[in-house]
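A.B. asks: Okay, structure incoming, though there's no sequence with it:
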């Protein structure tokens, strides 16, 4: 056999620049509402903080911190006069770098940058072969391996599914290890208990070294408030552990409108912003300058059943507006994702996810958790959904990264030297010189003729995605790691598992 | 049985205001590119018109019109000095009303208004029961009946599929009649031959009366240029018939980048705009003030096969920019739609359609042909796809129509009188007073739990859509029509069919 590259191979290699580690957007934001509306929302946020306040429970030290800062603390209720919380938020960096163990994969969170992160939290997984089932550590590791190979996912997240066959008390160790070992993108740490957050930071110290951890954000926690307007120790202790170690924290109110917040969009939006702003201020009381990501998660509700709905006009609109509010505050935003209530990777799933994600893209969310793989309102991770979503993320990435080129080559005056009116551009010099990079080639879209599609089995998108992730797992190679570091991680995990009794809830 | 309405029925009736006839948007446009980029595009458009020009073929009278207007006519090539075409476009109305036979269904095309129109042109149809097949008049009539019942489709279009079992020479008569008889929304007329355009206008005169037709736009043609830069008599004669009768015309370049236009997005975009602007100017030479809709249709291409691709970043971006260009010109825009290359109503179809349609929404296209039902790059009308798309259009409609409410009720200060932090809004006075209208209820989304969904048959979106359209056809009632008018229409059709020999191509 000849060792000479085929023209096809050579072309493929020429056209594949390294995938960007994250998105530096050149596109403008979409300002969905005007200044007056933003001021009305901000005024209402300030009213909520001053007049209603937030409950800070289970953490007396947090209340002491608030008192020392001059807040109005009454029992566990914390209120703050207008202006105080916004002033505290000012020390939070408007952008910061999360360092990955592969430096080429480090991401900048905040500013005009966007980072896509996989689904977080589902207890169930689903694929076309095995159907729906509780997630297991094998599924978890496979999902991490897939995420590591998907160029439009810039970050590995953490709970890509719950590995339900591992004791709850040991789970965080196996999860953090999988992200450290099977991928080299940045990832999150555990938050469910203070000691688990501490384990996560300790493992990051082994992986990166104390020097790096003391000077850079290498790991972050991601935690939800207890809406409405309640913050428990899971939140405050996570902030204390991560920010106390100069690491980052993402705090997101999770609000189903009409349940954990007002049923009206403006009301829920403002409440969510008030909750997140108070948590940002708390992070800065713990450590001024600590990286903080202000989260937002609003869901609408089915009139028929009260079930949460996703990709609907109200949360889609809110994705845009929260972007405006967070840019005014100057704090990085977590928002949006490829959200759906569908149980399978069908048309509903794709439509709801697309509208949710398109608004996320234009709204400018900096840290997009749930950008791929989410099904069933977050109860289930779909293997096929992960692949399909990631393919669409590549399209959003191209828009945000490149915008419209109006260079002389792009305007193509010279093309009309070759092609007369009523002629054809196929084969013209301009087409030949540009077509390899002109268009995004979606991997999961079948754009062939009906006849070709039928000949190759009349497969739907989910079937094609199933075949793709199976192949990706066969092709997977773990990124190299210093064996001494790997051994130290495994040793830490073994010692901790020894010390922590097996607990299943 | 009691005749008393159940609370459920009463509630349903209270919450269902009449569907709006079209969208009057309150949302701002998204300006994807800046002034400098727009000027570069416009400069290039003007260069194309002045230096390259368009071929106007098969219609010597059109060339005479151009000469008389002062254009540079050389054989069939028409060029125009910078500024001339833009000046001619100024008499085209920036918005106009298309009157429907049901006056409550008349639509305003242009300005800040948006009109959603079904798919146009596919020779094939597909549904879950009968699979893919050539369209027949029964399919055609059923599609018109479905469109008449879908509140998010504001216009009935024309070729919802090709009725391939009717001779080509008679087809336009049956198609126009179906739209006049089975629905009461505005619709289009035929363009494929001059006499068919004339038949369409003649039928509109019977339906609406000469008085109305002479004073209002009641029917429009929709026609494509022969890109690159060629206009044949199908276009010019359609303009002459419709505009000559004070009716409207939509002219859309259909460009597959790299084939009918440059492979670069800016180049294709500018070429399309040049072609459409020349046709707008021609319509104003035929009749100053005639309603004109400037069309745009750009497709990208698969690197693998050269097949057209849809919903990809390049045409998605162009949907936004053409909106900016057409607003600057002050002429209504046709653009976008729920486009896909998928053969079935699966995740690919939904994702590509959603991205195509979301950008259409924010780009502000005034007349959105192909907003529902399109499959296979326009070769096939999907019955299920029509239903699924229309359901998503309802979501876009809500965003565009309502924007964000920041009234005191929406901000919901009073909700916190009832609900303390850590409490629950379900059942609170504010929730009860607002929940019926708070959220869009997508008919095709199943947002119930996995268990409920499985109990009701684990149906995918397409299966639910199939059941829905079957039920809609069972429930269908034709809108009333004056029997004398109906008889006159049928009489006209019979006479014309008598006069026109059956032809099958």
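C.D. replies: The structure has been received and is ready for your questions. Owing to the predicted nature of the structure, the values given are computational and were not obtained by experimental measurement.
A.B. asks: Need the contact partners of stretch A:162-177.
C.D. replies: For stretch A:162-177, the external contacting residues (C-beta atoms under 8 Å, 6 or more residues apart in numbering or on different chains) are A:121-123, A:134-137, A:139-140, A:158-159, A:187, A:189-190, A:192, A:196, A:199-200, A:203, A:489-490, A:493, A:496-497, A:500-505. Placement of C-beta: from N, CA and C, glycine included.
A.B. asks: Which of these fall in strands?
C.D. replies: Assigned to strands by DSSP state E, the following of the contacts of stretch A:162-177 qualify: A:134, A:187.
A.B. asks: restrict the contacts of stretch A:162-177 to those near chain B?
C.D. replies: Among the contacts of stretch A:162-177, no residue sits close to chain B (C-beta under 8 Å from any C-beta of the partner chain).
A.B. asks: Where does the prediction get shaky in the stretch 251-400 of chain A?
C.D. replies: Applying pLDDT under 70 to the stretch 251-400 of chain A flags no residue at all.
A.B. asks: Show the buried residues in the contacts of stretch A:162-177.
C.D. replies: Buried members of the contacts of stretch A:162-177, counted by 16 or more other C-beta atoms under 10 Å in any protein chain shown: A:121-122, A:135-137, A:139-140, A:158-159, A:187, A:189-190, A:192, A:196, A:199-200, A:203, A:489, A:493, A:496-497, A:500.
A.B. asks: Quick one: residues contacting the spatially most central residue of chain A.
C.D. replies: Chain A has residue A:369 as the residue nearest its centroid, 2.0 Å off, counting by C-alpha atoms, centre = their mean. Neighbouring residues of residue A:369 by C-beta under 8 Å, 6+ apart: A:117, A:119-120, A:157, A:222, A:250, A:252, A:334, A:337.
A.B. asks: ok, of these, which one's closest to chain B?
C.D. replies: residue A:337 (14.4 Å; C-beta to the nearest C-beta).
A.B. asks: host element of the closest one?
C.D. replies: Here residue A:337 sits in a region with no helix or strand, counting by DSSP states H and E.
A.B. asks: Quick check: phi and psi at it.
C.D. replies: Reported as degrees, to the nearest 10, the phi and psi values for residue A:337 are phi 120, psi -180.
A.B. asks: Can you report how many residues neighbour it?
C.D. replies: Residues near residue A:337, counting by other C-beta atoms under 10 Å in any protein chain shown, number 28.
A.B. asks: Give me the distance between the residue nearest to the centre of chain A and chain B.
C.D. replies: Residue A:369 sits 20 Å away from chain B, going by C-beta to the nearest C-beta, to the nearest Å.
A.B. asks: And for residue A:89?
C.D. replies: Applying C-beta to the nearest C-beta to residue A:89 and chain B gives a distance of 20 Å.
A.B. asks: Equivalent analysis for residue A:355, please.
C.D. replies: According to C-beta to the nearest C-beta, residue A:355 stands 6 Å off from chain B.
A.B. asks: And for residue A:96?
C.D. replies: Counting by C-beta to the nearest C-beta - residue A:96 and chain B are separated by 28 Å.
A.B. asks: residues from the stretch 101-250 of chain A in reach of chain B?
C.D. replies: A:124, A:132, A:226, A:228-230.
A.B. asks: so can I have TSV of those residues showing neighbour count and pLDDT?
C.D. replies: Converted to TSV, those look like this (neighbours: other C-beta atoms under 10 Å in any protein chain shown; pLDDT from 0 to 100):
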residue	neighbour count	pLDDT
A:124	21	98
A:132	17	98
A:226	19	96
A:228	29	98
A:229	27	98
A:230	20	98
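A.B. asks: and of these, the nearest to residue B:425?
C.D. replies: residue A:228 (7.0 Å; C-beta to C-beta).
A.B. asks: Tell me where the stretch 301-450 of chain A has strands.
C.D. replies: Listed in chain order, the strands of the stretch 301-450 of chain A (DSSP state E, counting those that start in this stretch) span A:308-309, A:333-334, A:367-368, A:374-375, A:380-382.
A.B. asks: What about the contacts of residue A:369, which are in helices?
C.D. replies: The members of these all map outside helices under DSSP state H.
A.B. asks: does residue A:343 really touch residue B:455, like I thought?
C.D. replies: No: applying C-beta atoms under 8 Å, one finds residue A:343 not in contact with residue B:455, separated by 11.9 Å.
A.B. asks: Give me the subset of the residues of the stretch 101-250 of chain A next to chain B lying in helices.
C.D. replies: Among those, no member lies in helices (by DSSP H).
A.B. asks: Farthest-apart pair in the residues you listed, please.
C.D. replies: Farthest-apart pair in those is A:132 and A:229; separation 34.9 Å (C-beta to C-beta).
A.B. asks: what bits of the stretch 51-200 of chain A have low per-residue confidence?
C.D. replies: Applying pLDDT under 70 to the stretch 51-200 of chain A flags no residue at all.
A.B. asks: What residue in it comes nearest to chain B?
C.D. replies: Counting by C-beta to the nearest C-beta, the stretch 51-200 of chain A gets nearest chain B through residue A:55, at 4.4 Å.
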